[in-house]
Structure formats: C-alpha cells, structure tokens
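Q: how would this look folded up:
(one chain, ligands or ions: 1)
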Amino acid sequence: MIINELIDSQRLFFFYGRTKETFKRVANLKKLKDILKSNEKLLYEAIYKDFGKSKYETYETELSLIYHEINVAVKKLKRWSKPKKVRTNIPNMPGKSFIIPEPLGIVLVIGAWNYPYQLSLIPLISAVAAGNTVILKPSELSKNTSEVMAELINSNFESEFLYVYEGGVKETSELLEQKFDKIFFTGSIPVGKIVYEAAAKHLTPVTLELGGKSPVFVLKDCDLKMTAKRIVWGKFLNAGQTCVAPDYILVDQEIKVNLLNEMKKLLEKLFPKKTDISENYVRIINEKNFIRLTNLIDKDKIFFGGETDIEKLFIYPTIINNVSFSDKIMDDEIFGPILPIISFTELNDVIKEVKSRPKPLALYVFGKRGEQVDNILSEISFGGGAVNDTVLHLSNGNLPFGGVGTSGTGNYHEHAGFKAFSHYKSILSKPTVFEPFLKYPPYKKYKLFLLKKMLE
Ligand code: NAD
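A: Below you'll find the predicted structure:
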C-alpha cells in the first residue's frame, strides 16, 4: 500500500463524514469485537510464537482489556459524543454555552511489542469511538502479532477507514513524514522524541505513552506477605517486560531481610527453575534485549535467581541485593525480570533521590495509609500508581492512564481515550433580542464604572 494514497483515501473518507454517525461507530466496534472473538485461536498462537506468552496471560492482560474497552465505548460513546451544556457568564447572558466533541481526523497509532494487542488496539478503539480513521503501525519486534492484526483488520475493514501498516524504523519514518491529525505513540523515550519532533513539523497533537523507572516504596508498617506477593506478581508478569512493572524496590532497612525471604519463598513456589517453555512465564522478546538484560546482572549481588539461557531467551526471576542509586542497573528502565533492592533508613532521603530523577510512569507504596504514604504521594510527581498494589491501576478505566514529563504526555482508557482523540469545540450561542450598550463607544466614565461593577 502506498502511504500517500492510503492517507488521501482516509482523508476523503473522513471529509465526507463517513466516521461521523455514532451508530456506525458502535457497529464498527462491535464488528471488531466479533472478529477478534472468532479469531482468538490465531491471536493466542501468534503471541505464543512471539515470546511464549500463554493463553491465560494473553487473555488476562490483553484480550480481556480490549473487550472491556469495546464494551464501555459501545455503551457510552453516544453519551460522550453529545454536546455538553455549561454555565454562561453574566456578560454573555442571556446566551447559552456548550461544548461539542468532534473527531480529529486521521490518526496514526504506533504500538510497542510488549503487550502487542492491547497497546495497539485500545488506542485504535478509542480513536474509532471518537469518530476518526486510523492507520495502525504495530511493532515489528512482535512480528507474528503484527501480522495477525494486519490480516484481521485489513481483510475486514475498508482501508479508507482502518488500516494496519506493518514495518520497522524505515516504514515508521516514512509514515511520520506525513501529516496526521493525531499521533498516538507507545514506546521508548528516545523514539518518543523522534515522534514528537516529526509531529511538531505539522503541528500534529500527540499522546506519548513512554517508560521510565517505576519505584516501589516498602514501609515498615506494611503487610509483608501481601507486599511480597503483589510485588512479585507485578514484576515478573510478562517477565518484567511491562511499562508499569516495579523497576526497583526502596525498602526500610529494618524489614529488608524479611521482605527478601518472603519474595524468595514465593518465587520458588510460583516459578520452578526450568528453562523449558512454561505456561507460566514468558520469554525475552529477542537476543538484543536478552544481552542488554544479562549485562545488568551483577553476579556478586545476586540474592536470588540469575539463571539464564540465551538459546531459549530465558531469564529466571532475579533479585539483586544491596544496590545503590549509583549502580549501573539504576541508570535506565530495566524492562525485564531483574529486581534491584535498595534499602533506606531515612525515608526523606530516598524521596529526595526519586524526586531528583526523571518523573516515573508509575509509583507504588506499600504501608498503612497515613502520613508517610501521603507524603510520598504528594512529594513525588509520577504518571499514576497504587497503594498496596502494583500495575493494576491501569486496569481501572476510570483512572486516565499516562505518564508525566519524560514518562509521557497525555493519557487514555475509556472516557480519557475518547477525549484523547477528540477536539472539544466551545460554542456561545446568543439570542438577538438584547445587546448591552456598554460594549460600544463612546467610552464614557460612567460606562467604565458600570463595566467594572459588572466584571469585578
Ligand atoms: P520502541 O520505542 O523501540 O518502539 C516503539 C515503536 O516505535 C515500534 O512500533 C517501532 O517500530 C517504532 N520505532 C522504533 N524505532 C524507531 C525510529 N527510530 N523511528 C521511528 N519509529 C521507530 O519501544 P519498544 O521496545 O517497542 O517498547 C519498550 C518501551 O516502551 C519501554 O520503554 C516501555 O516502558 C515503553 N512502553 C510504554 C508503555 C506505556 O503505556 N507508557 C507501554 C508499553 C511500553
């Protein structure tokens, strides 16, 4: 497919209002759900080929979220699309004020490989719900899932409306030369900068869903067993290849040993040390990432794990103890199953350290709700997070999901997703029966007096 022709055809499709009617948007979303449902087998097979992700985890962390997003949009998009009345200020009385949501036009969605279905399809669903056309560019690293999405979407929808454009850096760069009405990007910070720069040339609005190092604070008064459980789940899900995975632990020195032992006990139970493909543990996406990750393991500081197998792209859950902020593993987002532990005696010192670093995408605190927890939440700026849990804030669609600073700009999911792909047009509508004489010259003293009375 030639990019220019594809974009021109989508522009015409949008221009003639073919995405506008809400009943058509609903029908298209239902159609997408039917297609995904009736091809689940293909979806499971493709992701398993990409990085050994099991059916269970694929349903839990990908398909269920996509179906939920479609269900909510189908139910609510008519309401979201309605003009919303707002109060009119006194000088404009007796007028009416309202805000009309309208679609932006042609959207480019660029996906990441680590949750290849949901990171591509949830923005697409929001864009369709808001009345846009979409070109989706999934990650080339998860080749099989990219192919299956292209096959299912391109053979079931008109390319003027939805099209999956496969490819890597070259193809994405070509797409980025074009003018879109919105670009939604999920991926790394360096590529986020490339996307932002390309968008700026056309003044195209962007949502950037990026990454960063997400800390977990573990306070003395936490429920230790539950803390260990929820950290282990959030960290080793998808073998740590999750944008909001706990990146490193900041634990009160007094409970560090107990926390480590709880996590060890749990890991031994959950993940037997077998390198053969397991239903319960995914692989590293490719050799480049495998090498990057294994280079981060400081053998002298391994508390648990450390086993790796390059043939099978397997890295066993690994805990690195006695880490300090100056260790190499603390430079960049880990994005793999390696968990560094930093202990502290003064909470304020580590708060200051986290505050002085780039703003995290997520932050987690384990402890009893109180001054210390509130202090962490209010002192540190981060995208979103949880108290006494990890990762799951992103599963609540009422919480807009996104980063801040280098971890991203903008947010999405459910209504926030609809808003990300809409323009809110503000209208003041006035009757013609009355016109305040104060607006017009000559500007007399008494008029200024009256104006001040009215406006102050
Ligand atoms: P990536 O930035 O390498 O790739 C993302 C997309 O950009 C892919 O589609 C890829 O083809 C394209 N791309 C890569 N290099 C490019 C270039 N030079 N020019 C134009 N396009 C290019 O990211 P990734 O490896 O797929 O994902 C990992 C990163 O994404 C991590 O940092 C992770 O934290 C982040 N992430 C963020 C979220 C979120 O929701 N905030 C979700 C998942 C992943």
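Q: where does Ile183 fall, phi/psi-wise?
A: Dihedral pair for Ile183: phi -120, psi 130, per degrees, to the nearest 10.
Q: my read: it touches Leu108, true?
A: Yes. Counting by Cβ atoms under 8 Å, Leu108 is a contact partner of Ile183 at 4.8 Å. (Glycine included, C-beta is placed from N, CA and C.)
Q: and these two? Which one has more around it.
A: With neighbours defined as other Cβ atoms under 10 Å, Ile183 and Leu108 compare such that Leu108 has more, 28 against 21.
Q: please enumerate the shared neighbours of Ile183 and Leu108.
A: The overlap between the contact sets of Ile183 and Leu108 (Cβ atoms under 8 Å, 6 or more residues apart in numbering) consists of Leu176.
Q: number of residues surrounding the residue in the chain positioned nearest to the ligand?
A: In the chain, the residue that lies nearest the ligand is Gly211 (2.2 Å; Cβ to the nearest ligand atom). Gly211 has 28 neighbours, counted by other Cβ under 10 Å.
Q: quick one, grab the pLDDT at it.
A: We note a pLDDT of 95 for Gly211 in this prediction.
Q: I'd say it and Cys243 touch.
A: Yes. Contact criterion Cβ under 8 Å: Gly211 and Cys243 qualify, at 5.1 Å.
Q: joint contacts of the two?
A: Leu361.
Q: on the three-state scheme, the residue of the chain closest to the ligand is what?
A: coil (DSSP: H, G, I helix; E, B strand; the rest coil).
Q: now for it: which residues touch it?
A: Contacts of Gly211 (Cβ under 8 Å, 6+ apart): 187-189, 243, 333, 335, 361, 407.
Q: output these as TSV; include the columns distance to Asp252.
A: Conversion of the contacts of Gly211 to TSV gives the following (distance: Cβ to Cβ, whole Å):
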residue	distance to Asp252
Gly187	35
Ser188	32
Ile189	30
Cys243	27
Glu333	24
Phe335	26
Leu361	24
Ser407	26
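Q: which parts of the stretch 251-400 of the chain sit against the ligand?
A: Within the stretch 251-400 of the chain, the positions near the ligand by Cβ under 6 Å from any ligand atom are 333, 335, 361.
Q: and the next helix or strand past the host helix or strand of Asp8?
A: Here Asp8, judged by DSSP states H and E, is contained in helix 3-15. Remark: after helix 3-15, the chain's next helix or strand is helix 22-38, criterion DSSP H and E.
Q: now do the buried residues in that following helix.
A: Residues of helix 22-38 classed as buried: 25-26, 28-29, 32-33, 36 (neighbour count, 16 or more other Cβ atoms under 10 Å).
Q: wasn't Ile100 part of a strand?
A: Yes. Counting by three-state DSSP, one finds Ile100 located in a strand.
Q: Val251 in helix, strand or coil?
A: Per three-state DSSP, Val251 ends up strand.
Q: wait, isn't it in contact with Leu259?
A: Yes. Between Val251 and Leu259 there is a contact at 5.5 Å, judged by Cβ under 8 Å.
Q: for the ligand, what are the nearby residues on the stretch 1-150 of the chain?
A: 110-114, 119, 137, 139-140.
Q: so which of those comes closest to Asp298?
A: Distances from Asp298 to those, taken as Cβ to Cβ, are shortest for Asn114 (24.3 Å).
Q: pLDDT wise, what is the residue nearest to the closest one when sequence neighbours are not counted at?
A: Residue nearest to Asn114 in three dimensions, not counting chain neighbours: Gln241, with 4.5 Å by Cβ to Cβ, 6 or more residues apart in numbering. What the model reports as pLDDT for Gln241 is 98.
Q: and the helix or strand where Leu363 lies, how far out from the chain middle?
A: Using DSSP H and E, Leu363 sits in strand 362-366. Chain-centre distance of strand 362-366: 17 Å, with Cα atoms, centre = their mean, to the nearest Å.
Q: for that strand, buried residues please.
A: 362-366.
Q: what packs against that strand?
A: strand 215-218, helix 224-236, helix 371-379, strand 384-387 (3 or more Cβ pairs under 8 Å, 6 or more residues apart in numbering; DSSP states H and E).
Q: which residues are contacting it?
A: 214-219, 222-223, 227, 230-231, 234, 243-244, 246, 354, 373, 376-377, 380, 382-391, 393.
Q: that one vs helix 371-379, what angle?
A: For strand 362-366 against helix 371-379, the angle by axes from the mean of the first three to the mean of the last three Cα atoms, to 10 degrees is 170 degrees.
Q: what average pLDDT does strand 362-366 get?
A: If you average the pLDDT over strand 362-366, you get 98.
Q: now the terminal residues of stretch 213-227, how far apart.
A: Using Cα to Cα, to the nearest Å, one end of stretch 213-227 lies 19 Å from the other.
Q: brain fart, stretch 357-376
A: One end of stretch 357-376 to the other measures 15 Å (Cα to Cα).
Q: could you check how far Leu12 is from Lys84?
A: To Lys84, Leu12 is 30 Å away according to Cβ to Cβ, to the nearest Å.
Q: again, but for Val195
A: Distance from Val195 to Lys84, by Cβ to Cβ: 31 Å.
Q: I figured Asp50 hits Pro138, correct?
A: No. Contact status for Asp50 versus Pro138: not in contact, 10.8 Å apart, counting by Cβ under 8 Å.
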